[in-house]
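Visitor: Generate coordinates for the sequence data below:
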Amino acid sequence: MDTKVESLIIKFLTKEANLEELQQLELWISNPDNESLFFEYIRTNAFINFAMSKYDKKAAKTNLVRRIKQEKNSFYYSSKIYNAVKYTAAAMVVGLLTTMYFFRNDIFNTDKKNIPVITNNSIEAGTDGAILTLEDGSVVSLEKGASFQTQNANSNGQQIEYKPGKQETAKVAFNYLTIPRGRQFFVKLSDGTRVWLNSESQLKYPVTFIEGESRQVELVYGEAFFDVSPSTEHKGAKFTVINNAQKVEVLGTEFNIKAYKDEDHVYTTLVEGKVEVSASAVKQILKPNEQSNVNKLNNSILVEVVDVKAEIAWKDGIFSFKGKSLKTIMKVLSRWYDVNIIFENKDLESVKFKGVLDKNQTIDEVLSIMKSSTIDNYEIKDKTIILK
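Guide: Numbers count the residues shown, from 1 in each chain. You can find the predicted model right below:
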């Protein structure tokens, strides 16, 4: 394939193409002689385990051209492109091809016994939302499209931002931000620290921090990504994240903590900077690209090098599963889609899956992708998914 065309495809998939480039790609893909080149490129470079030869390429081309035209008409491009292009491109390709092809029963298996049973196909992807508990104990539901304001904070329903301020007294007022299953949320603390919260998480934090003293928040449970405001901007005040299993002390850095109530391990992944992880009397210094694994049962700490981009992809709308077991993956999906998972076939729990998925897809689209290589069959019944 011509390198210029390859560049056009990548720019389109990552929403970086300008209007002229969209027009060039539309013209190229409209040529029947280029169909096989396009599909071979997708199959080779997007890590998609599909039986491409069974696809209706004519219908696919029609849908692709339609999507390009929609892009041209709206001509909207996100100002924040996820820095790992390979994950974004792969996830978008998955979403694109899912939309195009999954209505076809012959993609994976024409045997009627293996056609998924869907009693209620209304399980959509999660969205922004949270429950805010104020210092006086009152509770506010923060939902997409609804605004909320206090003396110290403003929310548009998708995020909440606290006004910069200095606490002059020893009495600190705390807020709680609780993220239910099927939701995610963003908060900017009064010191400028930014926190992305995943589904089924809770964060406790001061409305304002005491000037000159250590800044401390508590990840009560769940998963959060922290982009900490440097200590140099706060008279050297360190930043600390605690929970019931560990303490993480930082000076100014980016890191992810995963500490769910129903899991026996707490994972801290360092993106940049330097942190010290403490569990009981054990301490470990993390370097970028390292992840600590704290065993809550015996307070031991293991450290290993990980693929950081895969670990934090969730905050950018992507599930990146690299050799994860189905049992682990289904826990993640159950929180985002707010569903229950039943393994009718227990052998599936240990089966590994490697792939990149778009968090905006419906649960049926996600399971259909996995069915191509991992799951024999499944049933969706109300808010329960049965893997067979």
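Visitor: so what's the spatially most central residue of the chain up against?
Guide: By Cα atoms, centre = their mean, the chain has its centre lying nearest to Trp314, at 1.5 Å. Counting by Cβ atoms under 8 Å, 6 or more residues apart in numbering, Trp314 touches 198, 223, 332, 359. No exception for glycine: its C-beta is placed from N, CA and C like everyone else's.
Visitor: just Lys274 next, same as before
Guide: 250-251, 253, 285-287.
Visitor: Just the buried ones among those, please.
Guide: Among the contacts of Lys274, the ones that count as buried by 16 or more other Cβ atoms under 10 Å are 250-251, 253, 286.
Visitor: From these, pick the one nearest Ala237.
Guide: Ranked by distance to Ala237 (Cβ to Cβ), those are led by Leu251 at 9.6 Å.
Visitor: So for the closest one, what's the nearest residue that isn't a sequence neighbour?
Guide: Leaving aside its chain neighbours, Leu251 sits nearest to Ser231 (4.8 Å; criterion: Cβ to Cβ, 6 or more residues apart in numbering).
Visitor: how about the helices of the chain, start to end?
Guide: Ranges of helices in the chain, per DSSP state H, are 3-13, 19-29, 35-45, 57-74, 85-101, 308-311, 326-337, 363-371.
Visitor: Could you list the buried residues of the second one?
Guide: When neighbours are counted by 16+ other Cβ under 10 Å, the buried residues of helix 19-29 are found to be 22, 24-26, 28-29.
Visitor: Looking at those residues, which one is closest to Phe186?
Guide: Nearest member of these to Phe186, counting by Cβ to Cβ, is Leu22, at 30.3 Å.
Visitor: Now do the same for the closest one: its pLDDT.
Guide: What the model reports for Leu22 is a pLDDT of 75.
Visitor: just Asp358 next, same as before
Guide: 86.
Visitor: next one: Gln361
Guide: So Gln361 comes in at 88 (pLDDT).
Visitor: Also Met1?
Guide: 64.
Visitor: try Ile81
Guide: Reported pLDDT for Ile81: 32.
Visitor: just Val339 next, same as before
Guide: Val339 is assigned 94 on the pLDDT scale.
Visitor: Quickly note the distance from it to Asp376.
Guide: 19 Å (Cβ to Cβ, to the nearest Å).
Visitor: who has more neighbours, these two?
Guide: Val339 (18 against 12; other Cβ atoms under 10 Å).
Visitor: so who does that one touch?
Guide: With Cβ under 8 Å, 6+ apart, Val339 has these contacts: 123, 333, 363, 383-385.
Visitor: rerun at 10 Å
Guide: Val339 sits next to 123, 181-182, 330, 333, 363, 380, 382-385 when contact means Cβ atoms under 10 Å, 6 or more residues apart in numbering.
Visitor: quick one on the thing from earlier: for the helices of the chain, which has the smallest mean pLDDT value?
Guide: Per-stretch mean pLDDT for these is lowest at helix 85-101 (a mean of 44).
Visitor: Tell me where the stretch 151-300 of the chain has strands.
Guide: 153-155, 159-162, 174-179, 183-188, 194-197, 201-206, 215-227, 239-242, 247-250, 254-259, 265-272, 275-279, 282-286, 290-295 (DSSP state E, counting those that start in this stretch).
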